[in-house]
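Peer 1: my questions concern the predicted model and sequence given below.
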Amino acid sequence: MASAKDLRVLGDREVVALAKAGREAAYRELLRRYERPVFSLIYRMVRDRALAEDLAQETFVKVLNALESYRPEYKFSSWIFKIANNAAIDQLRRPRLDTLSLDGAPHARTPDEVEATALQAADHAESPLEELESRELGAAIERAIGRLRPEYRTAILLRHVEGRPYEEIADVMDLPLGTVKTYIHRARLELRDILAGLRT
Amino acid sequence: MTNQQLDPGDLDADVLRALSALPGFAPSPSFADRVMARVSLPRPAAVVLAQRAALWLSRPRRVAALAAAYGFSLLVVLSVAVPWIGAHSWLLDTAAADALAHARLWLDGAVVSLAAWAVRSGLGGALRFVGAAGPALWAGVAAASLAYAAGGWGLHRLLKAPAPAVRRDADVAR
């Protein structure tokens, strides 16, 4: 019987097969693999941490309870991202949107709450100056992503943040490959324009 | 710096660099446990059977009551059916011929031909005999069927598996 450590070297299909056989460790391995990418995608779509966590939880519960219906010829990652994306899009289409500014959620009342609910950019810089520039650029790009149309946002996040191939993004979004490429191209142009506007 | 001064190529590179440098966000530490509390793990059939057996064994009085109900129902049915069959065995002997007679009345084509063949083949005498006994036979069959259905329904109600007294983990997690 494969241990949790052994499960890490298996592909998604093998792990799903073990999960279907009732192995709880396989379920947890799927969660470990996808909780960050799924949560990140949803968080960047809805821009509210608590809401993103609820939607991510619903996504995983739906997927893991429906593993029996999973078809191995379909990529597991495509399946879970599709459900996550649909959950986020459905949320965004609801009439009243509680969106979050990059400086914190609208319901944040204290400085601590503002800090806790703000999207934080990564720290990848090598020097204090580069760190500052990187943080500024990260915050600017997060802000710019938030201004994109939801479809562009999904496409650009899956392509350039999650590193998914175009074909998989087309599967996730139920769109033709050409449309996905167009969305990503336009999203990049919009991001470029937004960033250029910020730098002038 | 103005828009004209910014090189679009540099901006593209900046966008791609910034996108690829974006961090992944992690949900709260209890996220996996909360999800798992709401996931139903598939269980092998043997495990399900063993758990069901254990559930029954944990309620010996209920098992004894059901066994008694089963036995009593069986006794009632047998106490009626066995003497009746003994007294009317001739009806069983002629049941096939009776069925053929009714088939001749109700069905067309091949079945009627088959019934006719059966009559020609020597079953005619028996059919004449069943002509008088037929209604009583069908009434008996109908009564037995009804009694069987009622008994089956009653047993089904009695034998419903007891609901497991297990806490809903999902509710607890919430």
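Peer 2: It's in.
Peer 1: who in chain B is up against chain A?
Peer 2: B:1-3, B:6, B:8, B:11-12, B:14-28, B:31-32, B:34-36, B:38-44 (CB under 8 Å from any CB of the partner chain). All C-beta spots, glycine's among them, are computed from the backbone N, C-alpha and C.
Peer 1: tally of neighbours for A:A155?
Peer 2: 30 (other CB atoms under 10 Å in any protein chain shown).
Peer 1: ok, now which ones touch it?
Peer 2: When contacts are counted by CB atoms under 8 Å, 6 or more residues apart in numbering or on different chains, A:A155 touches A:I169, A:M173, A:V180, A:Y183, A:I184, A:A187.
Peer 1: can you pull the phi/psi pair for the nearest residue to B:R43 once chain neighbours are set aside?
Peer 2: Spatial nearest neighbour of B:R43, chain neighbours left out: A:G22 (5.7 Å); criterion: CB to CB, 6 or more residues apart in numbering or on different chains. Dihedral pair for A:G22: phi 100, psi 10, per degrees, to the nearest 10.
Peer 1: A:G22 against B:L41, yeah?
Peer 2: Yes: between A:G22 and B:L41 there is a contact under CB atoms under 8 Å: 5.5 Å.
Peer 1: which stretches of chain A have low pLDDT?
Peer 2: Chain A contains residues with pLDDT under 70 at A:1-2, A:4, A:96-135, A:198-200.
Peer 1: ok, 50 please
Peer 2: A:97-109, A:113-114, A:116-117, A:120-126 (pLDDT under 50).
Peer 1: centre-most residue in it?
Peer 2: Centroid-nearest residue in chain A: A:L41, 1.1 Å away (criterion: CA atoms, centre = their mean).
Peer 1: before we move on, the earlier item: the residues of chain B next to chain A in helices, which ones?
Peer 2: By the criterion of DSSP state H, membership of the residues of chain B next to chain A in helices covers B:8, B:11-12, B:14-20, B:31-32, B:34-36.
Peer 1: who wins for neighbours among those residues?
Peer 2: Highest count within these by other CB under 10 Å belongs to B:V15, 26 neighbours.
Peer 1: separation between that one and B:V35?
Peer 2: Distance, B:V15 to B:V35, using CB to CB, to the nearest Å: 34 Å.
Peer 1: and for A:A19?
Peer 2: Taken as CB to CB, the span from A:A19 to B:V35 is 13 Å.
Peer 1: show me chain A divided up by domain.
Peer 2: A:9-119, A:121-200 (automatic domain parsing).
Peer 1: among the ones in helices among the residues of chain B next to chain A, which two are most distant?
Peer 2: With CB to CB as the measure, no two of these lie farther apart than B:P8 and B:M36, at 48.3 Å.
Peer 1: and for A:A19 and B:V35, which residues touch both?
Peer 2: A:L64.
Peer 1: which residues touch B:A18?
Peer 2: A:L137, A:G138, A:A140, A:I141, A:L195.
Peer 1: from these, pick the one nearest A:P95.
Peer 2: A:I141 (28.6 Å).
Peer 1: touching, the closest one and A:L195? I think so.
Peer 2: Yes: in this structure A:I141 lies within contact range of A:L195 using CB under 8 Å: 7.1 Å.
Peer 1: tell me which of those two has more neighbours.
Peer 2: A:I141 (25 against 20).
Peer 1: quick check: B:A37 vs B:L16, distance?
Peer 2: 40 Å.
Peer 1: ok, now B:F72?
Peer 2: From B:F72 to B:L16 the distance is 81 Å (CB to CB).
Peer 1: equivalent analysis for A:V38, please.
Peer 2: A:V38 is 23 Å from B:L16, by CB to CB.
Peer 1: what helices and strands are in contact with the strand or helix carrying B:A95?
Peer 2: Using DSSP states H and E, B:A95 sits in helix B:89-106. Applying 3 or more CB pairs under 8 Å, 6 or more residues apart in numbering or on different chains; DSSP states H and E, we find helix B:89-106 packed against helix B:109-118, helix B:124-159.
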